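A.B. asks: Structure for the following, please:
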Amino acid sequence: MSKPNPLLSGVAGRCPNCGEGHLFEGFLKVAPACEACGYDLSKADSGDGPAVFVIMVAGFLVAFAALITEFTVHPPIWVHLVLWLPLTLIVCLGLLRPFKGAMLAAQFMNKASEARND
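C.D. replies: As a prediction, the model looks like this:
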């Protein structure tokens, strides 16, 4: 049996080692270990990387859509607020978990570990 693609497993929220167990305990909390293969996930840390990428992607999408809407339809400001604030929240929350899974899987693929100065 071949190993799954770690990056696709991470995006799906699965263990990058086996592709079976859950990568997250809650919405964004990384599980201490994979329940399927026992792989230790406790040292995995993605830092601020996923948030930065989500801000860039969501900011581009929402700002581009808001500008297109403003130049084509010219709605009042309250329409912009009603449309783009919830959309920003939805896009950010929807992308954060897959991006965090991808960053953790990239660490696994590259055998990255935290630098220690002991």
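A.B. asks: any idea how far F27 is from P86?
C.D. replies: Distance, P86 to F27, by CB to CB, to the nearest Å: 18 Å. All C-beta spots, glycine's among them, are computed from the backbone N, C-alpha and C.
A.B. asks: scratch that, G10
C.D. replies: On the measure of CB to CB, G10 and F27 end up 15 Å apart.
A.B. asks: So those two - more neighbours on which side?
C.D. replies: With neighbours defined as other CB atoms under 10 Å, G10 and F27 compare such that G10 has more, 27 against 9.
A.B. asks: Am I right that the more buried one is in contact with P16?
C.D. replies: Yes: with contact defined as CB atoms under 8 Å, G10 reaches P16; the gap is 5.1 Å.
A.B. asks: in what helix or strand does the residue most central in space within the chain lie?
C.D. replies: Nearest to the mean C-alpha position of the chain, counting by CA atoms, centre = their mean, stands F99 at 2.1 Å. Counting by DSSP states H and E, the element that carries F99 is helix 77-109.
A.B. asks: Would you indicate which residues of that helix are buried?
C.D. replies: 84, 88, 91-92, 95-97, 99-108 (16 or more other CB atoms under 10 Å).
A.B. asks: which secondary structure elements does it contact?
C.D. replies: When contacts are defined as 3 or more CB pairs under 8 Å, 6 or more residues apart in numbering; DSSP states H and E, helix 77-109 packs onto helix 6-11, helix 49-73.
A.B. asks: neighbours of the closest residue to the residue nearest to the centre of the chain other than its chain neighbours, just the number please.
C.D. replies: Spatially, and ignoring its direct neighbours in sequence, F99 is nearest to P50 (4.0 Å; CB to CB, 6 or more residues apart in numbering). The tally of other residues near P50 (other CB under 10 Å) stands at 20.
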